[in-house]
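Peer 1: make a model of this:
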Amino acid sequence: MLRRSLPLFLAIGFLGAVACEAQDNPRPDVGVSESNLCSVIADVACYNMFRCCTGAQIEDALGLTQSTTVSECRRDVKLTCEDQLTPVFWSVDRGATVINTAMYENCLEAMTAPKEGCFLHQTDYPWQTLCDQTMFQGVLAVGLQCFYDHECQPNHYCGSDAKCRALPTVGQPCPQFLCATGLFCSWSSGDCEALRAAGAACDTDSECQAGLFCGASGTNYTCQVQKMLGVGCESDWECSTGYCIPGVCANGDPCYTDSQCGGFCSASGNSCYDDYDCDRYCQLAGYYCSSDLDCPDPGDSCPPNTCEGSCNGQPVCGEQYLVVDYCEDTIAALL
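Peer 2: Numbering: from 1, shown residues only. The predicted model follows:
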């Protein structure tokens, strides 16, 4: 059984095209129905291609060795779409799934290159939120026969017995690491647990409620409120903007802490990239060791030998501004 819903559609990743808008390539009318879905996806994909991409980019996206026409592009993308969405259309035909045409329209409209040009300068992709949703929904209740997860009602999945089952709730086992909305599957207990509030112990960011991250608190880790603009950070998860501006190592690599930059071993002076490159030896006997217990002579010790580098600059939470390219970025987004 499928464990995840199918993506919006591979063909939308083909969006892109050649400089000016041709007469046979008008900006498409994004009006979606269950019967014309793949035609509209093809219209949007090929409109963007022939408006924003070079000939070589079109050929690369479609897997061609020579350029194609707009009409040929629409034909090929439509056929690819129908092939990719065959399981969904089959489920729709048997009354197990409905397609949310309004969601598809909003997503495709956002993915259609604007009349003003093929580039935008903003903090996020305009289709990010609109397209990051399940565009079809199952209608089958618990116990009914299913073939795909997308045939079952929300918060349900298609079990190994080909019947819809409710996702586990609080306190119930989650052997497939699936839980109902608002819960997570605990590695330690093997059960579904409620997302944790600020101050609660945690192991990963995914265990914390929205707006929180799992960060160090002394020797422990707890769920903490995400940091605002300009506050020091060590990962994107820590920031409310979802972006931590990194520092730079001496070799040009991005970094958030000194330990992420190659440097020199503190005891031996050898060059290193991380602590694993710095072997430790008993101070008196000279044996390889990992702790003092590995040194047999009384009074001998295994001194630390860590890799010490320098992360230049203070990483802080910031906003990431993007130049959105309706050829390159839309192709990369959903392929």
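
Peer 1: element containing Asp161?
Peer 2: Assigned by DSSP states H and E, Asp161 belongs to neither a helix nor a strand.

Peer 1: now it: how far from Arg94?
Peer 2: 19 Å (C-beta to C-beta, to the nearest Å). Using the backbone N, CA and C atoms, a C-beta is placed for each residue, glycine as well.

Peer 1: what is the burial count for the closest residue in space to Tyr256 that isn't next to it in sequence?
Peer 2: Closest residue to Tyr256 apart from its sequence neighbours, by C-beta to C-beta, 6 or more residues apart in numbering: Glu234 at 4.3 Å. By other C-beta atoms under 10 Å, the residues close to Glu234 number 16.

Peer 1: and Glu234, how far is that from Thr257?
Peer 2: From Glu234 to Thr257 the distance is 6 Å (C-beta to C-beta).

Peer 1: all helices for the stretch 101-250 of the chain, in order.
Peer 2: Assigned by DSSP state H, counting those that start in this stretch, the helices in the stretch 101-250 of the chain fall at 101-111, 128-131.

Peer 1: can you give me the pLDDT of the closest residue to Ala180 other than its chain neighbours?
Peer 2: Nearest non-adjacent residue to Ala180, counting by C-beta to C-beta, 6+ apart: Leu167, 4.3 Å away. pLDDT recorded at Leu167 is 94.

Peer 1: again with Val77
Peer 2: 89.

Peer 1: pretty sure it sits against Ser39.
Peer 2: No: with contact taken as C-beta atoms under 8 Å, Val77 and Ser39 are classed as non-touching, separated by 9.4 Å.

Peer 1: outline the domain layout of this protein.
Peer 2: What automatic domain parsing lists as the domains of the chain is 10-140+326-334, 206-245+317-324, 247-314.

Peer 1: need the winner for burial among those.
Peer 2: domain 10-140+326-334 (a mean of 18; mean count of other C-beta atoms under 10 Å).

Peer 1: circling back: got the domains of the chain as JSON lines, with distance to Gln176 columns?
Peer 2: Below are the domains of the chain laid out as JSON lines (distance: least, C-beta to C-beta, whole Å):
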{"stretch": "domain 10-140+326-334", "distance to Gln176": "17"}
{"stretch": "domain 206-245+317-324", "distance to Gln176": "16"}
{"stretch": "domain 247-314", "distance to Gln176": "34"}
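
Peer 1: which of the ones you listed sits closest to Gly190?
Peer 2: domain 206-245+317-324 (14.2 Å; C-beta to C-beta).

Peer 1: any idea how far that closest one is from the chain center?
Peer 2: 16 Å (C-alpha atoms, centre = their mean, to the nearest Å).

Peer 1: just list the residues touching the residue lying closest to Asp300 once chain neighbours are set aside, thanks.
Peer 2: Once flanking residues are discounted, Asp300 sits nearest to Leu284: 4.3 Å by C-beta to C-beta, 6+ apart. Residues counted as contacts of Leu284 (C-beta atoms under 8 Å, 6 or more residues apart in numbering) are Cys295, Asp297, Gly299, Asp300.

Peer 1: so how far is Cys282 from the residue in the chain sticking out farthest from the centre?
Peer 2: Distance from the centre of the chain peaks at Pro298, with 53.4 Å (C-alpha atoms, centre = their mean). According to C-beta to C-beta, Pro298 and Cys282 sit 12 Å apart.

Peer 1: same thing with Cys202?
Peer 2: Taken as C-beta to C-beta, the span from Cys202 to Cys282 is 38 Å.

Peer 1: over to Gly63?
Peer 2: On the measure of C-beta to C-beta, Gly63 and Cys282 end up 60 Å apart.

Peer 1: for Leu85, same thing?
Peer 2: For Leu85, the distance to Cys282 - C-beta to C-beta - is 65 Å.

Peer 1: same check on Asp294?
Peer 2: Distance of Asp294 to Cys282, given as C-beta to C-beta: 7 Å.

Peer 1: so what sits against both of those two?
Peer 2: With C-beta under 8 Å, 6+ apart, Asp294 and Cys282 have common neighbours Cys302.

Peer 1: dump the residue contacts of Cys208.
Peer 2: Going by C-beta under 8 Å, 6+ apart, the list of residues near Cys208 reads Leu195, Arg196, Ala200, Cys202, Cys214, Cys223.

Peer 1: just for the stretch 201-335 of the chain, where's the confidence low?
Peer 2: Scanning the stretch 201-335 of the chain for pLDDT under 70 picks out 331-335.
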